[in-house]
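>>> No sequence on hand, only this structure:
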DNA sequence: AATTTCATGTAATTCGTTACATGATTCC
DNA sequence: GGAATCATGTAACGAATTACATGAAATT
């Protein structure tokens, strides 16, 4: 089962899925990709790579060759076992916390999976968000007038944000079920997958 | 300076600001308050309380008596030094990461501070979000057409969410400077009443 | 000439969780 | 009588950060 810390592993496997890469570049790509969260440090990345080597998920690709005798970079490649592990981590339904924490990473690598998995991940997240929403709203109702002004405003904003994300997910799910060819329409940049104007409740 | 782990400390001090409380209740309140993130475990809370006791930020309030000789609960109260520390943590401008991680907690305790601090915290967060926004958008422009379909959609949604939060913060800042209630647009629950006096034991 | 970026790594530390241990009390 | 909740704690472990250490190549 996926442990809390398989996050880096998933990210590395996902990136190497695109092609061989060395540590430094992996870090750069990762920090751009997850521009929002924290940056990944070398102290996390390199040990993780070593661990993955030992676990035979990745292999070193000989990289002596450099134009002007540059410092030898260690280029990694994903193994068959690594591919397997990648797909396992992408599709696994395990402890909620892990799936929530890694939703963004999974989403970012959606192109490397098939629709079945994508739908499962999207729907899984949506239902967890809805569940949380229900809990919080029940709580809000219970403690109605008693809440502090600012705490209440925070709660309100949180609910709204989650509701927005639920709508976003619903749009994505609809798009995924509708037209979906993996060979996407060539315009990848500006046009978003869908637009949402008003709340279509839940489903 | 505030360290990463002063999060629990801030939360505990903030709650005890409302009145004395024991560990179990602190945990419950905290888990409701931060309904979104992870739940706080006893393994974090109790050691933290001990540490704060040693640091003289809180004191035990004798709690011998209970109706039917219940297990003695250890009720804590914030000291003068604790009050000081609370205000320091609420207003501190330090490493960005800490302030971002603890924005919600700070916000939730806004009623216990004054407007000057509130404005500083709100504006600080807004400017950090705007900075991040600028960086990401510059990055989006640089790698224009090259992005993956899903990675791009994720980026887009992220940008939109942050823009929404910036607007939210701007509304709050305006309300704070003017004198309107933070809930300017008629959207959610009833006008909240700012009352938090009673230290109701959950017994 | 100096600084930034490239490139890889290790050691110490911090923060927090899970699992374990214990026992009283209230609700059904 | 049994389950859930109240109530406090400890030990082992996990994941990731910071700081340290090193050095070459490219840029200004």
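That came in fine, so what should we check first? From a predicted model like this one, the values you see are computed outputs, not experimental measurements. Numbering: from 1, shown residues only, chains lettered A, B, ... in the order given.
>>> Pretty sure residue A:38 sits in a helix.
No - looking at residue A:38 with DSSP: H, G, I helix; E, B strand; the rest coil, it is coil, so not inside a helix.
>>> I'd say it and residue B:96 touch.
No - counting by Cβ atoms under 8 Å, residue A:38 stays clear of residue B:96, with 10.6 Å between them. Bear in mind the C-beta positions are built from the backbone N, C-alpha and C, glycine included.
>>> Surely residue A:173 touches residue A:125?
No - Residue A:173 lies out of contact with residue A:125 (Cβ under 8 Å); the separation is 10.0 Å.
>>> And the helices in chain A?
A:6-16, A:23-33, A:42-54, A:80-91, A:96-101, A:103-108, A:115-142, A:149-177 (DSSP state H).
>>> Need these in a markdown table (columns: mean pLDDT, mean neighbour count and distance to residue B:136).
Formatted as a markdown table, those follow (pLDDT from 0 to 100; neighbours: other Cβ atoms under 10 Å in any protein chain shown; distance: least, Cβ to Cβ, whole Å):
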| stretch | mean pLDDT | mean neighbour count | distance to residue B:136 |
| --- | --- | --- | --- |
| helix A:6-16 | 94 | 22 | 18 |
| helix A:23-33 | 92 | 17 | 9 |
| helix A:42-54 | 95 | 15 | 22 |
| helix A:80-91 | 95 | 17 | 25 |
| helix A:96-101 | 86 | 16 | 21 |
| helix A:103-108 | 94 | 20 | 14 |
| helix A:115-142 | 90 | 15 | 22 |
| helix A:149-177 | 95 | 19 | 18 |
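>>> For the ones you listed, could you give me a markdown table that also reports distance to DNA strand D?
Below are the helices of chain A laid out as a markdown table (distance: least, Cβ to the nearest atom of the strand, whole Å):
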| stretch | distance to DNA strand D |
| --- | --- |
| helix A:6-16 | 4 |
| helix A:23-33 | 9 |
| helix A:42-54 | 2 |
| helix A:80-91 | 12 |
| helix A:96-101 | 8 |
| helix A:103-108 | 10 |
| helix A:115-142 | 14 |
| helix A:149-177 | 20 |
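>>> Quick one, which of these gets closest to residue B:91.
helix A:149-177 (15.3 Å; Cβ to Cβ).
>>> Could you report the pLDDT at residue A:2?
What the model reports for residue A:2 is a pLDDT of 79.
>>> centroid residue for chain A?
Against the mean C-alpha coordinate of chain A, by Cα atoms, centre = their mean, the closest residue is residue A:105 at 1.8 Å.
>>> before we move on, the earlier item: can you redo the helices of chain A as CSV with distance to residue B:161?
Shown next, in CSV, are the helices of chain A (distance: least, Cβ to Cβ, whole Å):
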stretch, distance to residue B:161
helix A:6-16, 21
helix A:23-33, 16
helix A:42-54, 26
helix A:80-91, 23
helix A:96-101, 16
helix A:103-108, 12
helix A:115-142, 14
helix A:149-177, 7
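>>> nearest to residue B:156, of these?
Checking the helices of chain A against residue B:156 by Cβ to Cβ gives helix A:149-177 as the closest, at 10.0 Å.
>>> Which strands and helices lie in contact with the closest one?
helix A:115-142, helix B:103-108, helix B:149-177 (3 or more Cβ pairs under 8 Å, 6 or more residues apart in numbering or on different chains; DSSP states H and E).
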